[in-house]
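Undergrad: Have a look; sequence and predicted model below, questions after that.
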Amino acid sequence: MEIIHVSAECYPYAKAGGLGDVVGALPKYQNKLGHIAKVVIPMYRTDFLYSNQFEVVHKGGFGMAHYWFNYTVIKESTNQLGFDLYLIDINNLIDREKIYGYDDDIERFAAFQIAVVDWISKWEHTPDVVHVHDHHAALIPFMMQSCFAYKHLSSVPTVLTIHNAQYQGWMDWNNSNYLPEWDKWKWGLLDWNKTINSLACGIRCATKVTTVSQGYLNELRYNANGLEMLFEYEKGKCSGIINGIDEEVWNPATDKYINNEYSVEDAEEGKRTNKKILCDQFSLDKEKPLIIFIGRLVGEKAADLLPQAISDSLYHLDGEMNFLILGSGDPKIENQLQQLNGKFTGYYNSQTGYNEKLAHQMYAGADFLLMPSRVEPCGLNQMYAMRYGTIPIVRNTGGLKDTVKDFGEKGGFGICFTNATVWDITYSIHRAVELYKESEKVEEIRSQIMQIDHSWEYSAGQYIDLYKTL
Ligand code: ADP
């Protein structure tokens, strides 16, 4: 089967979060299952672009609004990623340093999607499935069905995977001329509350829709940033497939980013060494439990609650633990977290920014990972943490609920709480501190979580099964 994944991110070329991890891993595992999975993303100016070989495979052009855009498709030459990676270059529009965050992102991703469809339409054959990810690629099923120039693609099955339904790619109706000439009778497919809503359109037009966990799919029926009714209406074509983790990238026994590699047999020693290095680097106390947070500093992750919850914990539990934070996002939260650096020196450190290497070192050196998320479609951090023997402290939501079981329950191994409140977080931190005192129990949990199978093999196969039904 030939599958074309279309996405805004793909690790290691361009990653801002879990979407990049998934699109950098799923195709590799689909190829291992004997299929041909390829990835197309925009050509940003990332380090990967300049340090690897690419070859031109296609040149084309299309009109968008009143402008003509030329595009070039280039392909990574060595197949080092385990799948063919294609990049769409549109001069001056896509080739920027950041993935997102520009005023003209709407135009950028509209143009990217048109170029992808235009390129596929020029092939001598058609792919078996076009698998689009999130709103940045969600207009593609519509374009394949309702744009006159691409009608011959209308019989190609499409799958939309929703990694995050908070962001929907809203577009003013004045910009409807961004789309290639389309059948105006189909306007209702684009519209949601008087705007063009890319994600809603993708949900309606894709042959099948998946979310990255079953728990998240259930939640979307009553909490989907305005699309609840649509999820209810389209539930027949929706299913949840949990993400896996790329065990070739996330493996403490082979991870080149970490200072001391270890496996389940020597995890105690291995983690202790990594923790010491991390604590020395950030002036923390290696004798105390180390609790980390890694992620986007936004409301979805309940990062706004962290400054208060951390302050309260350090005051009331008399500095019985350390915190190390790595993240970027809302400047107000970044500032608040930075301010705590001066207040709790020796117990707390916050690093602002995106740092892949440090993230790996933190998963390896920490005792606990905190994820108080208000919304968590799947969550990869908790799975990475477990792989590295770090106990997750999570709110019971979405994918966190599907992957973590409280150690108070039979067979449980994490710390779970119900509400995204400062009180629930501090109480859970208190439980972590108490658990840490029982070193045998911690060792037992560590060994258990490091052996949980979160590999992609199973989920990659579930996608293949889904494609076969199309
Ligand atoms: P989301 O995609 O919602 O941000 P996920 O848990 O699905 O959350 O995936 C987050 C991914 O991004 C993980 O690989 C995590 O390690 C990584 N990550 C998030 N923030 C940072 C950061 N500041 N530095 C390094 N890695 C980060």
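TA: Great, that's in hand.
Undergrad: elements contacting the strand or helix carrying residue 117?
TA: Take DSSP states H and E as the rule and residue 117 turns out to sit in helix 105-121. If you count contacts as 3 or more C-beta pairs under 8 Å, 6 or more residues apart in numbering; DSSP states H and E, helix 105-121 packs onto strand 2-6, strand 36-42, strand 54-64, strand 67-76, strand 84-89, helix 140-146. In this view, the C-beta of every residue, glycine as well, is placed from N, C-alpha and C.
Undergrad: how big is the angle separating it from strand 54-64?
TA: 110 degrees (axes from the mean of the first three to the mean of the last three C-alpha atoms, to 10 degrees).
Undergrad: ok, then the element right after helix 105-121?
TA: Downstream of helix 105-121, the first helix or strand assigned by DSSP H and E is strand 129-133.
Undergrad: Am I right that residue 210 sits in a strand?
TA: Yes: the assignment for residue 210 (DSSP: H, G, I helix; E, B strand; the rest coil) places it in a strand.
Undergrad: That one against residue 163, yeah?
TA: No: assessed by C-beta atoms under 8 Å, residue 210 is found out of contact with residue 163, at 9.8 Å.
Undergrad: My guess is residue 232 contacts residue 223. True?
TA: No: Residue 232 is beyond contact range of residue 223, at 11.9 Å (criterion: C-beta under 8 Å).
Undergrad: Give me the contacts around the helix holding residue 117.
TA: With C-beta atoms under 8 Å, 6 or more residues apart in numbering as the test, helix 105-121 has contacts from 4, 6, 8, 40, 42, 58, 60, 62, 64, 69, 71, 73, 88, 90, 93-94, 102, 126-127, 130, 136-137, 139-140, 143-144, 147, 149-150, 152-153, 169, 171, 175, 178-180.
Undergrad: Just the buried subset of the residues you listed, please.
TA: Listed as buried from these are 4, 6, 8, 40, 42, 58, 60, 62, 64, 69, 71, 73, 88, 90, 93-94, 127, 130, 136-137, 139-140, 143-144, 147, 149-150, 153, 169, 171, 178-180; burial here means 16 or more other C-beta atoms under 10 Å.
Undergrad: on that earlier part again, show me which of residue 232 and residue 223 is the more surrounded one.
TA: Using other C-beta atoms under 10 Å, the more surrounded residue of residue 232 and residue 223 is residue 223, with 18 against 13.
Undergrad: That one: what secondary structure?
TA: Of the three states, residue 223 takes coil under three-state DSSP.
Undergrad: Quick one: residues contacting it.
TA: residue 375.
Undergrad: gap between it and the ligand?
TA: 15 Å (C-beta to the nearest ligand atom, to the nearest Å).
Undergrad: can you check residue 253 too?
TA: 18 Å.
Undergrad: and if you look at residue 53?
TA: Counting by C-beta to the nearest ligand atom, the gap from residue 53 to the ligand is 26 Å.
Undergrad: pretty sure that residue is touching residue 75, no?
TA: No: counting by C-beta under 8 Å, residue 53 does not reach residue 75; the two are 9.7 Å apart.
Undergrad: Mind checking which of the two has more residues around it?
TA: Applying other C-beta under 10 Å to residue 53 and residue 75 shows that residue 75 carries more neighbours, namely 17 against 10.
Undergrad: can you list the residues of the stretch 1-150 of the chain near the ligand?
TA: 17, 18, 19, 21 (C-beta under 6 Å from any ligand atom).
Undergrad: what sits against the third one?
TA: Under the criterion of C-beta under 8 Å, 6+ apart, the contact list for residue 19 reads 7, 8, 9, 133, 134, 163, 164.
Undergrad: Go through these and give me the one with the most neighbours.
TA: The residue in the contacts of residue 19 with the most neighbours, by other C-beta under 10 Å, is residue 133 (28 neighbours).
Undergrad: where's that residue relative to the ligand, distance?
TA: 12 Å.
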